[in-house]
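Student: Following is a predicted model, sequence given first.
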Amino acid sequence: MRFSKQKTLPLICLLILCMLIPAENPLAGPDKQKVHAHWLFASHRKQGHKILPIQGGPRIQLQGPVVMENDPIPPKVLLGDSSGYLHLASKKGEAELPPDQFAIEGWLRLDSQNSSGGILSASHPNGVKEGGWALGQEEGKLVFLIREGNLPMETKLIAKQAMNVTQWHHVVVNAKADHFELWMDGQLASRQDRLESTIPYPDTLHYEIGNWKVDAQRQPMEGAIHELYLLNQPATAKEIATRFNEKNGYFPPPGPEPKRLAIGYGPFVDWTSRSSVQISWNMDFETFTHIDLLGPEGEFREFRAASATKKHQVHFDELKPDAEYRFRIHGPSEGDHAQFSRLYTFDSSFHYAPIELREATEAPSVAISDKSIGQSVDSLLHFTGADKGFALLIGTSESQLAHAYALATASELKVIMVDNSPTNIHAARTKLDEAGVYGERVSVHEGDIQSLPYGPFFANLILMEATKLAQLESSTEEIKSLLRHLRPAGGYLCVPCPTSTTQIEQALRKTLQAPDLEWRSLTLESSWVTARRGILLGSGDWSHQYGGADNSSCSQDALVSGDLGVLWWGDPGPRPMPDRGPRNPAPISVNGRLYIQGDRILFGLDAYNGTILWNYFSPEMRRANLPRDCSNMIGTHDYLYVAQGRHCIGIEGHSGRREMVFEAYGKDTSMKMDWGYLASHRDMLIGSSVKAGSGYLGDDGEWFEEDHPEDVSRVVSSHLFAMDR
């Protein structure tokens, strides 16, 4: 089926309401000024045999087999008799130990009360009685041991109440000036006076996480640790209670294993700014919006909505740059079983829009911020649709400076101005810099039209004044050089016309004679003469995995021959891409656009200059093992189509908007179906239905050379169908 736009209209008010209610601000944990060391046990913190601290140190050295899990949440390290251990330091000088007044804080889960085991220990290798301190548990009760000054025996604090097995607990140790405290789940669990102010640390040290030494014997904790803090001063009762209450909702309650929540459509993560995203998804039934977000340093945010709906949208802002975030979606409980989605990931470093303009050092001059030219440029951008990529402006007159300023402030275009006069260039740079657009969005270069140092096809817009263009009439080489830089398949040569456009258009048609230029006059708030460059004559498209729907591995391109060269290079680069071993869908190129499927992230690029037009995260989008399956992505002149789950999504090629949704056909409604084969021919969308979950994902070491019966017939279609796309 196809979801019509009419069916979504009644939900617009609810969706807008969800978008207007931002998710809660991030819970940042202790003040960074008070943090001596912070370790988060998430897989992205692991590098080889080390776990990097969020703050402070030292780094954790992994000794033996150590298992870290992100899903089911929370991210954690699993500990027990059969696991390795987490080593911090063996010498006092390497340990970076806290001052005599300090705090230990963390989240942990105990899986057995049958034995004792350490959580964090900085003691003599023979035990605390010879120096240092250790936090652990005995028969399920929290225990803190510390050697004070020259006292003959260690001081011992024991919690009044035992920890619940399989429950996540918030634990805090405070070493204050006159006493010690042991806290559990926001409540004081034990207190004892402090007799000595100093802590004697031995030169040889047992500084480890997940175990302690008793009579020189290592005793590991059986359970899991999510994160640990060492603070350089004790925490207050208010701070402890606040941090427990803020993050407690993130951890699953003790009980049966949670069930996996199936998301009907999505989820999708779309950028709304450099530091904010919108997460959206649809369910097959009405339920309350409930989502958790975990930041790169363990920050926790939670969003809940009070009304039930099938369509959900949540906005998260204040994201840190260059960081991985994880989120999960809650569903309604089934009996004693909680329901959660998989733990999904997105990376805030994959934002490619130009940086925001800085504040102007001075108010822009009246000429450069001319409102009439601003309105004229707005009309031009709306008409051409060229709001991203590159704009080439010939000349640095006051009018051209105003056009450059308007383009930079009204679009995401990178503007390049060219002039052959050093005096004009210096003056233009000064004015644009004062206006706050030079460098970030506008550059001014010295050069002549005939020898511009740019590659071919890069300019989405070329703006030139009519008087300047008229001077080219006698120079065929300059005309060819100018057109060489204009992007095929939608690049525009634009001439502002303060007077009648007809006379100028006729003159320009005569001057610029090219078979792939389509001339058109535009008269709105002001007048323009435009020439749109069509597709390169003889060029072809690569719209399917193997060329076209016929799998011919031929694009019908008549232009490519001989040696190839580099047209552009740049983002997105290798980081967002999956390993090539699972044999993933290849990029496709249609109508001057390049579509690239990364590791659960989708990109739309300008094929001629490499501009990333759009990208979004789609954590459930994955297809691998194409020798035995088929690609989930095809392109047409105007749309990209991506199969995901039981749906095929129609994505507008330039904007990346998900405008259409089709559903796989299947008569047997008792069996859940996914969308398998995908192709297009003219106005038809061709697809097939396969058993849900039969596709290859290429995750977690999945290998594709097996020939077991269940693998041989794994991806087999039950229905073949065609739809009006």
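Tutor: Looks like it arrived, so ask away.
Student: Packing partners of the lengthiest strand in the chain?
Tutor: Longest strand in the chain by number of residues (criterion: DSSP state E): strand 276-294. Here strand 276-294 touches strand 265-273, strand 300-316, strand 324-334, going by 3 or more C-beta pairs under 8 Å, 6 or more residues apart in numbering; DSSP states H and E. Where C-beta positions appear, they are placed from N, C-alpha and C, glycine not excepted.
Student: which residues are in contact with the shortest one?
Tutor: What that stands for is strand 265-273. If you take C-beta atoms under 8 Å, 6 or more residues apart in numbering as the criterion, strand 265-273 is touched by 277-282, 315, 317, 329, 341, 344, 346, 351, 353, 615-620, 645, 647, 658, 661.
Student: Pull the distance from that strand to the chain's centre.
Tutor: Distance, stretch centre to chain centre, for strand 265-273: 9 Å (C-alpha atoms, centre = their mean, to the nearest Å).
Student: Report the mean per-residue pLDDT for that strand.
Tutor: Per-residue pLDDT over strand 265-273 has a mean of 97.
Student: neighbouring strands for it, and are they parallel or not?
Tutor: strand 276-294 (antiparallel), strand 612-617 (antiparallel) (DSSP bridges).
Student: Could you identify the helix or strand that succeeds the last one?
Tutor: The one in question is strand 612-617. strand 633-635 (DSSP states H and E).
Student: From the chain's centroid, how far away is that following strand?
Tutor: On C-alpha atoms, centre = their mean, the centre of strand 633-635 falls 22 Å from that of its chain.
Student: so after it, what's the next helix or strand?
Tutor: strand 639-644.
Student: Now that next one - C-alpha only, PDB.
Tutor: Extracted C-alpha coordinates of strand 639-644, given in PDB (Å, rounded to 0.1, in the frame of the first residue of the first chain):
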ATOM      1  CA  TYR A 639      13.500  10.200  -6.300                       C
ATOM      2  CA  LEU A 640      15.700   7.700  -4.400                       C
ATOM      3  CA  TYR A 641      13.800   4.600  -3.300                       C
ATOM      4  CA  VAL A 642      15.100   2.600  -0.300                       C
ATOM      5  CA  ALA A 643      13.600  -0.700   1.000                       C
ATOM      6  CA  GLN A 644      13.600  -0.900   4.800                       C
END
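Student: The next helix or strand after that strand versus strand 639-644: what angle between them?
Tutor: Toward the C-terminal end, the helix or strand that comes next after strand 639-644 (DSSP H and E) is strand 647-652. Using axes from the mean of the first three to the mean of the last three C-alpha atoms, to 10 degrees, the direction of strand 647-652 lies 160 degrees away from that of strand 639-644.
Student: What lies in contact with strand 647-652?
Tutor: Here strand 647-652 has contacts from 265, 602, 604, 638-643, 657-664, 675, 678, 685, 687, 725, using C-beta under 8 Å, 6+ apart.
Student: Of the residues you listed, grab the buried ones for ChimeraX.
Tutor: In ChimeraX, this line selects whichever of these come out buried by 16 or more other C-beta atoms under 10 Å:
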select :265,602,604,639,640,641,642,643,658,660,661,662,663,664,675,678,685,687,725
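Student: Can you tell me the SS state at the residue of the chain positioned farthest from its centre?
Tutor: Distance from the C-alpha centroid of the chain, by C-alpha atoms, centre = their mean, peaks at Pro152 (55.4 Å). Here Pro152 is coil, with the state taken from DSSP: H, G, I helix; E, B strand; the rest coil.
Student: And it, how far from Thr204?
Tutor: Per C-beta to C-beta, to the nearest Å, Pro152 is found 21 Å from Thr204.
Student: hey, C-alpha coordinates of the strand or helix carrying Ser481 in PDB?
Tutor: Here Ser481 sits within helix 476-484, counting by DSSP H and E. Below are the C-alpha coordinates for helix 476-484, written out as PDB (Å, rounded to 0.1, in the frame of the first residue of the first chain):
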ATOM      1  CA  THR A 476      34.800  32.600 -27.600                       C
ATOM      2  CA  GLU A 477      37.500  31.200 -25.300                       C
ATOM      3  CA  GLU A 478      36.200  33.100 -22.300                       C
ATOM      4  CA  ILE A 479      32.700  32.000 -23.000                       C
ATOM      5  CA  LYS A 480      33.800  28.400 -23.200                       C
ATOM      6  CA  SER A 481      35.800  28.700 -20.000                       C
ATOM      7  CA  LEU A 482      32.800  30.200 -18.100                       C
ATOM      8  CA  LEU A 483      30.400  27.500 -19.200                       C
ATOM      9  CA  ARG A 484      33.000  24.800 -18.400                       C
END
